[in-house]
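1. Quick one: sequence and predicted model below, then my questions.
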Amino acid sequence: MTDHQPPPVKTHLFQALWKKLLGKLFTKPQSKEELIELMDSAEIKDFIGHESRIMLEGVLNIGDMRVGDIMVPSPRMDMLDIDMGMDALLEVVIDIGHSRYPVYENDKENIIGVLMAKDLLKLQRAPELNIKILLRTAVFVPESKKLNDLLRDFKRNRNHMAMVVDEFGRIAGLVTFEDVLEEIVGEIEDEFDTETDVGDIYSLVDNSFRVAGHTPIEAINQRFDVELPTNVDEETFDTIGGLIAHEMGHVPHKGEHRDMQGLRFEVMHAKGGSVKWYRVKKLKA
């Protein structure tokens, strides 16, 4: 008497089931959304790291974005007048802290070049030089230009800034190499993004102060001998940026200011939906 044997597995059925399983595991994404979901799944399974996933998603996103989506609008551009004196130029460059500035002549629509902050050192050594000699060529791009094309141009031409023009040829804003990179890798910290546990307060040459938005209110009170509140309308605030945003009803933009207890807090640098630096001046009695 022979032992009972299980029925043989049908080869074609096994192949069909295996093929179906592989199809579930290795389905090709049919859209960008499905590809992003696939990357999310890969991160959850530790196939790729979080930062890698962020960058991959950023690369996908810039393919659909245009310059107008990320540019700094013209009213918020920091510009230099070609007729400014050396002292005025230095004051602006030191206070704002950018590495390059668009330069205009007679009218802000007439941008004649870009000045590198480091080139001002040449003027100090040779004051007889005409500032126009130091200007770099300004690059102009339309609002409709795709970001991946702009990034390619930046890399090929070694530019770091471009003026953005609208359909009528007017200056609509500016965009930098850093702006594009941040869409891929996230916010890039620079010298104006320095953060410490106690905040930063620096003296400036015009007797004003540069104060970080995350500086604790207690540090402001101690430094300037004031009594700014930490509790307003039954809400508690730890930083000067949070208090000012509450008082103004919105996160202020560059150039906006708020006066409190004899101090004027003017926005110097805003980035990523928050104020990085305020200029603080003591108001005259």
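-> Arrived safely, thanks for sending.

2. and residue 240, how many neighbours?
-> 29 (other Cβ atoms under 10 Å). C-beta coordinates here come from the backbone N, C-alpha and C atoms, glycine included.

3. Does it touch residue 215 like I think?
-> Yes. Counting by Cβ atoms under 8 Å, residue 240 does reach residue 215; the two are 5.2 Å apart.

4. Which residue ranges make up the domains of this structure?
-> 68-185, 201-282 (automatic domain parsing).

5. what about the helices in the stretch 101-250 of the chain?
-> Using DSSP state H, counting those that start in this stretch, the helices of the stretch 101-250 of the chain run over 120-125, 147-157, 177-185, 217-224, 240-248.

6. Let me know the average pLDDT across the longest one.
-> Read it as helix 147-157. Regarding helix 147-157, the rounded mean pLDDT is 88.

7. how many other residues sit next to residue 130?
-> With other Cβ under 10 Å as criterion, residue 130 counts 9.

8. how near is it to residue 122?
-> 11 Å (Cβ to Cβ, to the nearest Å).

9. surely residue 269 meets residue 95?
-> No. Using Cβ under 8 Å, residue 269 is not in contact with residue 95; the gap is 10.0 Å.

10. neighbour-wise, which of the two wins?
-> Just comparing residue 269 and residue 95: by other Cβ under 10 Å the higher neighbour count belongs to residue 269, 20 against 16.

11. Secondary structure of the more buried one: a strand, I assume?
-> Yes. Membership of residue 269 in a strand is supported by DSSP: H, G, I helix; E, B strand; the rest coil.

12. Quick one: residues contacting it.
-> Applying Cβ atoms under 8 Å, 6 or more residues apart in numbering to residue 269 gives the contacts 96-97, 192, 254, 275-277.

13. Check residue 283 too.
-> 259, 262-264.

14. redo that, cut-off 6 Å
-> 262, 264 (Cβ atoms under 6 Å, 6 or more residues apart in numbering).

15. Quickly note the distance from it to residue 204.
-> Taken as Cβ to Cβ, the span from residue 283 to residue 204 is 16 Å.

16. just residue 245 next, same as before
-> 23 Å.

17. follow-up on the earlier one: dump the domains of the chain to a markdown table, plus distance to residue 55.
-> A markdown table is the format used below for those (distance: least, Cβ to Cβ, whole Å):
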| stretch | distance to residue 55 |
| --- | --- |
| domain 68-185 | 6 |
| domain 201-282 | 17 |
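
18. Which one, of these, ends up nearest to residue 58?
-> domain 68-185 (3.7 Å; Cβ to Cβ).

19. Residue 56 belongs to a helix?
-> Yes. Read with three-state DSSP, residue 56 is one of the residues of a helix.

20. burial count for the residue lying closest to residue 260 once chain neighbours are set aside?
-> Among residues not flanking residue 260 along the chain, residue 228 sits closest, at 6.2 Å (Cβ to Cβ, 6 or more residues apart in numbering). The tally of other residues near residue 228 (other Cβ under 10 Å) stands at 19.

21. Residue 228 touches residue 218, doesn't it?
-> No. The criterion here is Cβ atoms under 6 Å, and residue 228 misses it with residue 218 at 8.9 Å.

22. For this protein, which segments count as strands?
-> Ranges of strands within the chain are 72-73, 80-81, 100-105, 107-116, 140-142, 161-165, 171-176, 201-203, 209-212, 231-232, 235-236, 257-260, 263-271, 274-282, based on DSSP state E.

23. can you redo these as a markdown table with distance to residue 56?
-> What follows is the strands of the chain, written out as a markdown table (distance: least, Cβ to Cβ, whole Å):
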| stretch | distance to residue 56 |
| --- | --- |
| strand 72-73 | 26 |
| strand 80-81 | 39 |
| strand 100-105 | 30 |
| strand 107-116 | 32 |
| strand 140-142 | 26 |
| strand 161-165 | 25 |
| strand 171-176 | 23 |
| strand 201-203 | 38 |
| strand 209-212 | 32 |
| strand 231-232 | 43 |
| strand 235-236 | 39 |
| strand 257-260 | 41 |
| strand 263-271 | 24 |
| strand 274-282 | 26 |
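
24. nearest to residue 66, of the ones you listed?
-> strand 140-142 (8.8 Å).
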